[in-house]
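Engineer: heads up, no residue letters with this:
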């Protein structure tokens, strides 16, 4: 009962105050009718408190999010199902689902009545423009009487998690360097390149199916040869994200860091769909290998959580990439870097990897005076030239650029290398 009295609303407390005032007036004026009004005013909130306090509703709540993982700027639908598990009908229920500030204001829904064992569902949508993981809930149920004089709060402890991932942009299909590197069981690229007659073969082993015998190879070598189910070549790629806070500029969703995160997600998903065995490395210390079944979700969840790091050392990032390097393609999303830092990055080529760097000129995300702009451009060009001379392909990124038009520049072939050489000469000429 004490808890119910503490739950009196402003209206209920006003009734009690009016009752006290009416009682005092009745005593002074000697009006018995006014005293009856005072008693009525006092009894109403007390009866409401007793009604609400003695209500022992058995309620069950189930929350569902559709979907649980959404890209930045998209919406998710939240459905709340509330069921009355007792024989007693409920009074008016006010539902309020607690949300973090980034998902908007807290939704409030009024349910007038739930009969015995009756269930009711309500839905609302949430939208987030900032990456991250957000807790949805707990659900708070406010119990009130029909007159709104008393209100008690009950909370369900369960919560759900909404993951807001970077926006993934489709990229055009181009031929990339490092398509076949290393050994293992490739998923999408384990096919013969010249047809059945030139299928990859190996020597017969005890237990092999005789239907796999390749008779032409057997006749040519004089030993029993069978077709391989898969070729021992696979496409491997490593996506590297520079998370140094000093290398990026801008604030919020439009910063150069958010551009790099979204680009890393787009590149990773594009390579995954192209059959690459993918690895993601970030400057924050994350090192993730994508698996066949959960690779997409694992990578996107990792990128949903990534934050800028105060560390200004690229050497630790290079060491982390080289620890398990197996060659193949290395695509790096770089913020602003110096010539010395570019020299460190050139070490990634020592393992025979084909290295591509998206060099983000983060100074274009802020307004600089002409002298500072010229100095920043010169430093950016010098770092690009250092990477080019180390055998990298470099794609310059400025504020306002989008990834799909830049992606064809990473294609392999004579045209790509000619472009690289022309860029190197241009940068060198500008520095003289």
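Structural biologist: Thanks, I have it. It should be emphasised that the depicted structure is a prediction, and the values quoted were computed from it without experimental measurement.
Engineer: So the nearest residue to residue 366 once chain neighbours are set aside, which state does it fall into?
Structural biologist: In space, and not counting its chain neighbours, residue 366 is closest to residue 249: 5.0 Å by Cβ to Cβ, 6 or more residues apart in numbering. All C-beta spots, glycine's among them, are computed from the backbone N, C-alpha and C. Following DSSP: H, G, I helix; E, B strand; the rest coil, the label given to residue 249 is coil.
Engineer: Also residue 33?
Structural biologist: Under three-state DSSP, residue 33 falls in the helix class.
Engineer: how many other residues sit next to it?
Structural biologist: When neighbours are counted by other Cβ atoms under 10 Å, residue 33 registers 8.
Engineer: From residue 40, how far out is it?
Structural biologist: Noted for residue 33: a distance of 11 Å to residue 40, by Cβ to Cβ, to the nearest Å.
Engineer: Tell me the residues that contact both of the two, please.
Structural biologist: Common contacts of residue 33 and residue 40 (Cβ atoms under 8 Å, 6 or more residues apart in numbering): none found.
Engineer: Now do the buried residues in the helix or strand in which residue 372 is found.
Structural biologist: For residue 372, the element it lies in under DSSP states H and E is helix 370-389. Using 16 or more other Cβ atoms under 10 Å as the test for burial, helix 370-389 gives 376, 379-388.
Engineer: Beyond it, next helix or strand please.
Structural biologist: Criterion used, DSSP H and E; the element after helix 370-389 is strand 393-397.
Engineer: rounded to a whole number, what's the mean pLDDT of that following strand?
Structural biologist: Strand 393-397 shows a mean pLDDT of 93.
Engineer: How about stretch 326-339?
Structural biologist: 90.
Engineer: before we move on, what about stretch 37-56?
Structural biologist: For stretch 37-56, the per-residue pLDDT averages 82.
Engineer: cool, and stretch 122-142?
Structural biologist: Mean pLDDT, computed over stretch 122-142, is 91.
Engineer: Would you mind measuring the gap between the ends of it?
Structural biologist: Terminal residues of stretch 122-142 are spaced 16 Å apart (Cα to Cα, to the nearest Å).
Engineer: swap in stretch 246-254?
Structural biologist: 16 Å.
Engineer: Just the buried positions in that stretch, please.
Structural biologist: 247-250.
Engineer: possible to save those as CSV with pLDDT and distance to residue 14?
Structural biologist: As requested, the buried residues of stretch 246-254 are exported to CSV (pLDDT from 0 to 100; distance: Cβ to Cβ, whole Å):
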residue, pLDDT, distance to residue 14
247, 94, 60
248, 94, 56
249, 94, 56
250, 91, 52
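Engineer: Would you mind giving the residues you listed as TSV with distance to residue 166 added?
Structural biologist: Conversion of these to TSV gives the following (distance: Cβ to Cβ, whole Å):
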residue	distance to residue 166
247	18
248	15
249	18
250	16
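Engineer: before we move on, back to that, my guess is the residue nearest to residue 366 contacts residue 367, does it?
Structural biologist: No. In this structure, residue 249 is not within contact of residue 367 by Cβ atoms under 8 Å, at 10.4 Å.
Engineer: quick one, what contacts the residue nearest to residue 366?
Structural biologist: 255-256, 336, 362-363, 365-366.
Engineer: Filter those residues down to the buried ones.
Structural biologist: 255-256, 336, 362-363, 365.
Engineer: ok, so of those residues, who is nearest residue 125?
Structural biologist: Of all the buried ones among the contacts of residue 249, residue 255 has the smallest distance to residue 125: 26.5 Å, by Cβ to Cβ.
Engineer: Skip the chain neighbours and tell me the closest residue to residue 92.
Structural biologist: residue 144 (5.2 Å).
Engineer: I'd like the average pLDDT over the helix holding residue 372.
Structural biologist: 93.
Engineer: by how many degrees do that helix and strand 393-397 diverge?
Structural biologist: 160 degrees (axes from the mean of the first three to the mean of the last three Cα atoms, to 10 degrees).
Engineer: ranges for the strands of the stretch 51-200 of the chain?
Structural biologist: 59-66, 69-71, 75-84, 92-97, 108-111, 119-127, 132-136, 139-144, 151-155, 160-165 (DSSP state E, counting those that start in this stretch).
Engineer: okay, the ones you listed in TSV with mean neighbour count next?
Structural biologist: Output for those, formatted as TSV (neighbours: other Cβ atoms under 10 Å):
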stretch	mean neighbour count
strand 59-66	15
strand 69-71	18
strand 75-84	17
strand 92-97	19
strand 108-111	14
strand 119-127	15
strand 132-136	17
strand 139-144	20
strand 151-155	15
strand 160-165	20
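Engineer: how about the ones you listed, which one is nearest residue 406?
Structural biologist: Shortest distance between residue 406 and the strands of the stretch 51-200 of the chain, using Cβ to Cβ, is found for strand 69-71: 20.1 Å.
Engineer: outside of the closest one, which residues touch it?
Structural biologist: With Cβ under 8 Å, 6+ apart as the criterion, strand 69-71 contacts 76, 128, 162-168, 297, 300-301.
Engineer: If we only consider those, which is nearest to residue 107?
Structural biologist: residue 76 (12.7 Å).
Engineer: For that closest one, give its distance to residue 205.
Structural biologist: 52 Å.
Engineer: for residue 246, same thing?
Structural biologist: Counting by Cβ to Cβ, the gap from residue 246 to residue 205 is 56 Å.
Engineer: Domain-wise, how is the protein divided?
Structural biologist: Domain ranges of the chain: 2-53, 59-165, 196-227, 236-431, per automatic domain parsing.
Engineer: Would you mind giving those as JSON lines with distance to residue 174 added?
Structural biologist: Formatted as JSON lines, the domains of the chain follow (distance: least, Cβ to Cβ, whole Å):
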{"stretch": "domain 2-53", "distance to residue 174": "66"}
{"stretch": "domain 59-165", "distance to residue 174": "24"}
{"stretch": "domain 196-227", "distance to residue 174": "26"}
{"stretch": "domain 236-431", "distance to residue 174": "4"}
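Engineer: out of those domains, deepest packed?
Structural biologist: Ranked by mean neighbour count, those are led by domain 236-431 with a mean of 18 (mean count of other Cβ atoms under 10 Å).
Engineer: how about the helices of the stretch 151-300 of the chain, start to end?
Structural biologist: Per DSSP state H, counting those that start in this stretch, the stretch 151-300 of the chain carries helices over the ranges 215-221, 256-273, 295-305.
Engineer: Of the domains of the chain, which shows the lowest average pLDDT?
Structural biologist: Across these, domain 196-227 gives the lowest mean pLDDT, at a mean of 75.
Engineer: from the middle of its chain, how far away would that domain be?
Structural biologist: How far domain 196-227 lies from its chain's middle: 48 Å, per Cα atoms, centre = their mean, to the nearest Å.
Engineer: that older thread, which among the strands of the stretch 51-200 of the chain is found nearest to residue 307?
Structural biologist: Counting by Cβ to Cβ, residue 307 lies closest to strand 132-136 out of those; the figure is 9.1 Å.
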